[in-house]
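Peer 1: Provided below are the primary sequence and the corresponding predicted coordinates.
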Amino acid sequence: MFILSSQNYGFDNPGNGQEEQFGKNHLLSSEQRNKFITISMQSRLIIIVVTLLKASFCFAFPEIASKPNCTACHYSPTGGGVLTQYGRESIKELLSHWGKEGESDFAYGVVQTPKFLSLGGDIRFLQTYHNNQFIQKADYYFMQADLDAAIKLGNNIVVVSTLGIDALKEIISRQHYILHSVSEHMLVRLGRFFPAFGINTPDHAITIKKNVGFDHSQETYNLELAWTYDNINAYVTGIFGRPDKPWLARETGGTVNINFLVFEKYKLGLSYYYGTQANTSTHLYGPYGIFRLTQKIVWLTELDFQKRFSNTLTPQFGLVNYQKLDYEITQGLHLYLTQALSRLDFSVPTSLFDAYGAGIQFFPRPHWVLQGEFLKQRTLGLTKSFSDFAWLLIHFYF
């Protein structure tokens, strides 16, 4: 159950109204035009970041991980999504600052479900703030309203699905799959979900997700084999892309992910991804780790190298990196530091993005998560200066 927390941003176009401030484009001076173009590019970047941060699943948290694999708390072999009964009980015992018996049950226990049915869901609200030499803007957003369900068909088969609303206000299912427990340690999963790669976090705005193709709503149709043991977990995934929507041009290929639990507190892993689409191919690989340094301190780290080949373009070689150092002050209250870096083409210096920040996360009672983060970040292709980006998330899961 060594997984990351859910969090995720939205902005109206900060460029709105800028034309009135600077005048029409053909009347701008060269300096003003460059400034306006920079603002527009940053506005698009903010909107992209916002979209990527609208994740839709209730994930577990590495800070309270007490089991060597994810299936103790989740139906999904890689974690996230609908909680098992043990997972719900762990919320009160290991995650929340306050709580009483039965409070972590679905809908506070008001709605009783049959034993074959497990339900869950998420509602999220977000406040964001962005400030740099060109703009200063704050916005508030209703981000998400999703329902998750797991239906047991006998002792060995589970059908899992999510139902939510996308940015176009259309009802969609980002994840849906059939899970078959072949044996105590082997599981087979078929459907739409993210393939097993690296640290499983729904924070799609960080470099190890959004910059390498694991963005929000980019789940693919896959066939996954999972082997889960006390000290080792392995996943082999065949990726079929999006045959239902071929115009999305998702890559097909596969992943291999293996991790080891050392001394019952250090999780070390390696991942490899291969994908191909039209005239391009991608190799992505690297190590990751989740280290419980003390009873209160957890360090998460991932480093991935990417090689991209094309019949028409020069091959690209680069990397992405993410770090998080979490300190639990008291049960349910966490402070953390983050660092992120992306440079997907070593031959192009302006492909560099880096960010440094700090955050606070509070689990006051079961069903509630409050989280805030402040970042100094820079996209070298836009500016050499760091900008301020902050967000506050209110998350209610049921």
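Peer 2: Alright, I've got the coordinates.
Peer 1: Surely residue 232 is in contact with residue 261?
Peer 2: Yes. Counting by CB atoms under 8 Å, residue 232 does reach residue 261; the two are 7.2 Å apart. Using the backbone N, CA and C atoms, a C-beta is placed for each residue, glycine as well.
Peer 1: Between the two, which has more neighbouring residues?
Peer 2: Legend: neighbour count by other CB atoms under 10 Å for residue 232 and residue 261, higher for residue 261 (20 against 14).
Peer 1: Contacts for the one helix or strand the more buried one maps to next, please.
Peer 2: In this structure, residue 261 sits in strand 252-262 according to DSSP states H and E. Strand 252-262 is contacted by residues 68, 195-198, 230-241, 267-277, 282, 288 when judged by CB atoms under 8 Å, 6 or more residues apart in numbering.
Peer 1: Report the mean per-residue pLDDT for the biggest strand by length in the chain.
Peer 2: Longest strand in the chain, counting residues (DSSP state E): strand 136-153. Per-residue pLDDT values across strand 136-153 average out to 89.
Peer 1: same question, stretch 169-184
Peer 2: Regarding stretch 169-184, the rounded mean pLDDT is 91.
Peer 1: who's in contact with it?
Peer 2: 56-57, 75-77, 81, 155-166, 187-193, 217, 219.
Peer 1: Share the number of residues neighbouring residue 272, please.
Peer 2: Burial of residue 272 is recorded as 15 neighbouring residues (other CB under 10 Å).
Peer 1: mind listing what's buried in the helix or strand hosting it?
Peer 2: Using DSSP H and E, residue 272 maps to strand 266-277. In terms of neighbour count (16 or more other CB atoms under 10 Å), strand 266-277 has its buried residues at 267, 269, 271, 273, 274, 275.
Peer 1: what distance separates stretch 120-138 from the centre of its chain?
Peer 2: 17 Å (CA atoms, centre = their mean, to the nearest Å).
Peer 1: right, and residue 120 touches residue 105 too?
Peer 2: No. The pair residue 120 and residue 105 does not pass the contact test of CB under 8 Å, sitting 10.7 Å apart.
Peer 1: Walking through the protein, point out its helices one by one.
Peer 2: Listed in chain order, the helices of the chain (DSSP state H) span 18-22, 30-52, 85-90, 207-210.
Peer 1: Show the average pLDDT along the first one.
Peer 2: If I follow you right, that is helix 18-22. On average, helix 18-22 scores 31.
Peer 1: Not counting sequence-adjacent ones, nearest residue to residue 285?
Peer 2: Using CB to CB, 6 or more residues apart in numbering and skipping the chain neighbours, the partner closest in space to residue 285 is residue 272 (4.4 Å).
Peer 1: From residue 304, how far out is the one you found?
Peer 2: 10 Å (CB to CB, to the nearest Å).
Peer 1: Next, show the common contact partners of those two.
Peer 2: The contact lists of residue 272 and residue 304 share 284, 285, where a contact means CB under 8 Å, 6+ apart.
Peer 1: Each with direction, which strands does the strand holding residue 272 pair with?
Peer 2: strand 252-262 (antiparallel), strand 280-292 (antiparallel) (DSSP bridges).
Peer 1: Mind checking those for the one nearest to residue 319?
Peer 2: When these are compared by CB to CB, strand 280-292 sits nearest residue 319, at 7.7 Å.
Peer 1: Mind listing residues that contact that closest one?
Peer 2: 2, 62, 65, 197-199, 212-213, 251, 253, 259, 265-276, 298-311, 319.
Peer 1: buried subset of these?
Peer 2: 2, 62, 65, 197-199, 212-213, 251, 253, 259, 267, 269, 271, 273-275, 298-304, 306, 308, 319.
Peer 1: Output the below-cut-off pLDDT ranges for the stretch 151-300 of the chain.
Peer 2: Along the stretch 151-300 of the chain, the parts satisfying pLDDT under 70 run over 166-168, 202, 204-205.
Peer 1: redo that, cut-off 80
Peer 2: Across the stretch 151-300 of the chain, the ranges flagged by pLDDT under 80 are 166-170, 201-205, 208, 210-211, 215-217.
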